[in-house]
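Asks: Sequence first, predicted coordinates after that:
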There are 2 protein chains.
Amino acid sequence: MIEPRRITVELGFRSYPIVIGDGLLGGNFDLAEYVRGEDCLVVSNVTVAPLYLEKLRSNLGGKKVAALELPDGERFKTTDSLHQVLDQLAESGANRDTTVIALGGGVVGDIAGFAAASYMRGVGFIQVPTTLLAQVDSSVGGKTGINHAQGKNLIGAFYQPGIVLIDTDTLQTLPERELKAGLAEVIKHGAIADIDFFAWLEDNIEALLAGQPDALAHAIERSCEIKAEVVADDEREAGRRAILNFGHTFGHAIENSLGYGELLHGEAVAIGMVMAAELSDIEPASRERLRDLLRRAGLPVSPPAVGAQRMFDAMSMDKKVVQKQLRLVLLDRLGDACVTTDYDEGSLRRVLEAAE
Amino acid sequence: MIEPRRITVELGFRSYPIVIGDGLLGGNFDLAEYVRGEDCLVVSNVTVAPLYLEKLRSNLGGKKVAALELPDGERFKTTDSLHQVLDQLAESGANRDTTVIALGGGVVGDIAGFAAASYMRGVGFIQVPTTLLAQVDSSVGGKTGINHAQGKNLIGAFYQPGIVLIDTDTLQTLPERELKAGLAEVIKHGAIADIDFFAWLEDNIEALLAGQPDALAHAIERSCEIKAEVVADDEREAGRRAILNFGHTFGHAIENSLGYGELLHGEAVAIGMVMAAELSDIEPASRERLRDLLRRAGLPVSPPAVGAQRMFDAMSMDKKVVQKQLRLVLLDRLGDACVTTDYDEGSLRRVLEAAE
């Protein structure tokens, strides 16, 4: 076992810790002290629950633990799944002291978090992310929500957990494709905010792909630090927080045009980052470094042929459209992103032509 | 026209004004400056929209105004209605700059507010309450939500509007029974926080029932002031805010046991206040004053025969159950309420026997 690492997301009286280590599930970490009442509802899915639910129970000694298994997959991030959680809370007579614990990837975390935010206008909430994507991205920062036919994450809430518990051992059962998809967000954190971390990733990408625990723990820790710092500055994404969406406006448009489920979110983001770098006024060598690292991580770097106009239309639906102007996250240089409307629409259309 | 009165709900950078006056709808108040983008969606119902939607449009000069009419009534405060609003927002391509305007009573305000809170995790929101109940209670304080089969307001969010615009002229078209139901919450504000206001109500209850504009404006202003002050202290109801629920735990239990729609919310609260006063350690003369004023306001003061045990069970489902203990709002004296678990369960059961 490595020594657990601890990061604090600084949000005043709603500050909370992220604890990262191996072997934390199965009783090596007392999660019960973060449960405000006596009752928990663990929300998981049919894939993750058989692997980790019993282990998680032993971290919750003395609490009454109920569980709900949702179907597995992004296409179940729906109103129906949300209401399954809400109904179970209501029917079990849950009250404001009840704590909802998300055990799974981003889909489980987003649904469970939105349910926790909405049930009685807010009950206890804990994140136990079991995919790399959720560990480095979706479990940190308080964004929760569900999809709508018109767009991803269109309905939701900002709702912070009381703690995020990350056991890197869970990555041992993660399919390789999902590990790679998670690495896209790790690489993103280097690209937008820390050139030294980006260089570290260039040196350690094979160790990460091989599941080397120390390397994974460092990559997760540094990702969470970067994300936590950005979120603490701008919880509700009034400004700088949007840099975390580097690659996402293009990526969402790809997912939306292709139909959800074809590409993993991280894969779409990888392609989106390459497209955003194309549009950024940076050195060609920096674009090449980004593309190379993504390729070495086993990620796609070229858009599928969904059509440029279709992508353009999908991008216009983005939450980042303000005053009719699409704000994009671009790179000032590798390791430094900005949110801007200062780009040439002709250049944007040329970048989108890669999707023809 | 009387001079509009202006109250500020103090919530730091989310502070917002409540503007109260007659003749405000129809162009006499520039609401457009409170709309952050160009697009508004007015959410109203089939009863209120024909009366006030066109007037409201003339307060929104220069903005693009869409409208949605929900069916009228508490039984439509459902997931389905919520999704009607969300779907219309999504399908019209609304973005974070869009402003949702609630035009109607508490049901419309609660649904529209929860939709505004949830769409893209929060868009602009304005309250234009047209019932006395909404003007003195539900439009102020940021509680939004919908009902669930298991209980009222079980699903929702805390979400503050940018402004509350109260035109007392709208009360001229309000059915008398609803005006009386609104007076229950006005009387509540006196009973929990201001004995002088309570005495003023004793002197002016006939003027209020007659719809005298000056009296109504004062009653609304003082109610909003009391509510705003309590909410500013404790937005998320960690403590003192709960005094606003005086009569509500009993009242909700009556509504729940009887089936929603039999009694108006304010009528159930009137009965609930009498029951809570029964359980309070106060002078019998104070109980009598409260009961008298409610009776003079044309409100019921005795519970329907729903059964004591059934009411007890319904109360146990209340959001105010913390650590298995039902907290109740009781009076220390008339004009001063407290939240307490310090009451005798035998006495509670005796009070509930009035429902046999």
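Replies: In hand now; what should we look at? Remember, predicted model here, so these are calculated numbers, not experimental data.

Asks: In contact with the closest residue to residue A:34 other than its chain neighbours, which residues?
Replies: Nearest residue to residue A:34 in three dimensions, chain neighbours excluded: residue A:163, at 4.6 Å (C-beta to C-beta, 6 or more residues apart in numbering or on different chains). Heads up, the C-betas are built off the backbone N, CA and C, glycines and all. Contacts for residue A:163 (C-beta atoms under 8 Å, 6 or more residues apart in numbering or on different chains) come out as A:16, A:17, A:18, A:19, A:31, A:34, A:126, A:127.

Asks: which of the residues you listed are buried?
Replies: When the contacts of residue A:163 are checked for burial by 16 or more other C-beta atoms under 10 Å in any protein chain shown, the buried set is A:16, A:18, A:19, A:31, A:34, A:126, A:127.

Asks: ok, back up a step: do you know how far the residue nearest to residue A:34 is from chain B?
Replies: 19 Å (C-beta to the nearest C-beta, to the nearest Å).

Asks: Against residue B:235, how distant is that residue?
Replies: 23 Å (C-beta to C-beta, to the nearest Å).

Asks: repeat for residue A:225
Replies: 30 Å.

Asks: Could you tell me the model confidence score at residue A:150?
Replies: pLDDT, residue A:150: 86.

Asks: For the spatially closest residue to it that is not a sequence neighbour, give me its contacts.
Replies: Nearest residue to residue A:150, sequence neighbours excluded (C-beta to C-beta, 6+ apart): residue B:90, at 3.7 Å. The contact partners of residue B:90, taken as C-beta under 8 Å, 6+ apart, are A:148, A:149, A:150, A:151, A:154, B:119.

Asks: these two touch, right, the third one and residue B:94?
Replies: No: proximity of residue A:150 to residue B:94 does not meet the contact threshold set by C-beta atoms under 8 Å, at 9.6 Å.

Asks: Looking only at neighbour counts, state which of the two leads.
Replies: Using other C-beta atoms under 10 Å in any protein chain shown as the criterion, residue A:150 and residue B:94 rank with residue B:94 on top: 24 against 17.

Asks: The helix or strand of chain A at the bottom of the mean pLDDT ranking: what's the following helix or strand?
Replies: Least confident element among the helices and strands of chain A, by mean pLDDT, DSSP states H and E: strand A:321-322 (a mean of 59). Later in the chain than strand A:321-322, the nearest helix or strand by DSSP states H and E is strand A:325-326.

Asks: could you check whether that following strand is close to chain B?
Replies: No: Strand A:325-326 is not in contact with chain B by C-beta under 8 Å from any C-beta of the partner chain; minimum separation 10.1 Å.

Asks: where does chain A come near chain B, residue by residue?
Replies: Near chain B, when you scan chain A using C-beta under 8 Å from any C-beta, you find A:37-38, A:79, A:83, A:86-87, A:90-91, A:93, A:95-97, A:117-122, A:143, A:145, A:148-151, A:154-158, A:236, A:316-317, A:319, A:321-324.

Asks: Strands along the stretch 1-150 of chain A, start to end?
Replies: A:5-9, A:16-21, A:39-45, A:64-70, A:99-104, A:124-129, A:143-148 (DSSP state E, counting those that start in this stretch).

Asks: Per-residue pLDDT of residue A:323, please?
Replies: 58.

Asks: tell me the contacts of the spatially most central residue of chain A?
Replies: Ranked by distance to the mean C-alpha position of chain A (C-alpha atoms, centre = their mean), the top residue is residue A:138 at 2.5 Å. Contacts here follow C-beta under 8 Å, 6+ apart; on that basis residue A:138 touches A:105, A:106, A:109, A:110, A:129.

Asks: hmm, try it at 10 Å
Replies: Counting by C-beta atoms under 10 Å, 6 or more residues apart in numbering or on different chains, residue A:138 makes contact with A:102, A:105-110, A:113, A:127, A:129, A:131, A:144, A:153, A:185, A:227, A:265.

Asks: what does residue A:9 give?
Replies: A:15-18, A:140-142, A:160-161, A:163-164, A:224-225, A:227-229, A:231-232, A:235.

Asks: Now with 6 Å, please.
Replies: Contact partners of residue A:9, counting by C-beta atoms under 6 Å, 6 or more residues apart in numbering or on different chains, are A:16, A:228.

Asks: Distance check, it against residue A:314.
Replies: Residue A:9 sits 31 Å away from residue A:314 when distances are taken as C-beta to C-beta.

Asks: tell me the domain ranges of chain A?
Replies: Domain assignment for chain A by automatic domain parsing gives A:5-173, A:176-355.

Asks: and residue B:250, which of the ones you listed is closest to it?
Replies: Taking C-beta to C-beta, domain A:5-173 is the member of the domains of chain A nearest to residue B:250, at 17.7 Å.

Asks: Which parts of chain A are helices?
Replies: A:49-57, A:79-91, A:106-118, A:132-133, A:176-193, A:195-209, A:213-233, A:248-258, A:265-279, A:284-296, A:308-316, A:345-352 (DSSP state H).

Asks: Kindly check the end-to-end length of stretch A:15-34 for me.
Replies: 13 Å (C-alpha to C-alpha, to the nearest Å).

Asks: Identify each buried residue in that stretch, please.
Replies: Buried, per 16+ other C-beta under 10 Å, within stretch A:15-34: A:16, A:18, A:19, A:20, A:21, A:22, A:23, A:24, A:25, A:29, A:31, A:34.

Asks: With stretch A:220-240 instead?
Replies: A:220-228, A:230-232, A:235, A:237.

Asks: pLDDT and distance to residue A:300 for those residues - can I get that in a markdown table?
Replies: As requested, these are exported to a markdown table (pLDDT from 0 to 100; distance: C-beta to C-beta, whole Å):
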| residue | pLDDT | distance to residue A:300 |
| --- | --- | --- |
| A:220 | 97 | 23 |
| A:221 | 96 | 27 |
| A:222 | 97 | 24 |
| A:223 | 97 | 21 |
| A:224 | 96 | 25 |
| A:225 | 95 | 27 |
| A:226 | 96 | 24 |
| A:227 | 94 | 23 |
| A:228 | 92 | 29 |
| A:230 | 91 | 26 |
| A:231 | 89 | 28 |
| A:232 | 87 | 32 |
| A:235 | 80 | 32 |
| A:237 | 79 | 27 |
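
Asks: Pull the most distant pair out of these.
Replies: Checking the buried residues of stretch A:220-240 with C-beta to C-beta, the most distant pair is A:221 and A:237, at 23.3 Å.

Asks: Identify the residue nearest residue A:246 in space, chain neighbours excluded?
Replies: In space, residue A:246 is closest to residue A:329, 4.4 Å off (C-beta to C-beta, 6+ apart).

Asks: Please tell me how far that neighbour sits from chain B.
Replies: Taking C-beta to the nearest C-beta, one finds residue A:329 at 16 Å from chain B.

Asks: same question, residue A:45
Replies: 22 Å.

Asks: Quick check: beta-bridge partners of that residue?
Replies: residue A:70 (DSSP bridges).

Asks: which residues touch it?
Replies: A:69, A:70, A:72, A:104, A:108.

Asks: And for residue A:178?
Replies: residue A:131.

Asks: The same query, at a cut-off of 7 Å, please.
Replies: A:131, A:264 (C-beta atoms under 7 Å, 6 or more residues apart in numbering or on different chains).

Asks: For it, report the pLDDT, please.
Replies: Residue A:178 is given a pLDDT of 95.

Asks: How many neighbouring residues does the closest residue in space to residue A:257 that isn't next to it in sequence have?
Replies: In space, and not counting its chain neighbours, residue A:257 is closest to residue A:306: 3.8 Å by C-beta to C-beta, 6+ apart. The local packing of residue A:306 (other C-beta under 10 Å) involves 20 other residues.

Asks: Could you check how far residue A:306 is from chain B?
Replies: 19 Å.

Asks: ditto for residue A:47
Replies: Distance of residue A:47 to chain B, computed by C-beta to the nearest C-beta: 27 Å.

Asks: What is the neighbour count of the closest residue to that residue other than its chain neighbours?
Replies: Spatially, and ignoring its direct neighbours in sequence, residue A:47 is nearest to residue A:72 (4.5 Å; C-beta to C-beta, 6+ apart). Using other C-beta under 10 Å, residue A:72 has 17 neighbouring residues.
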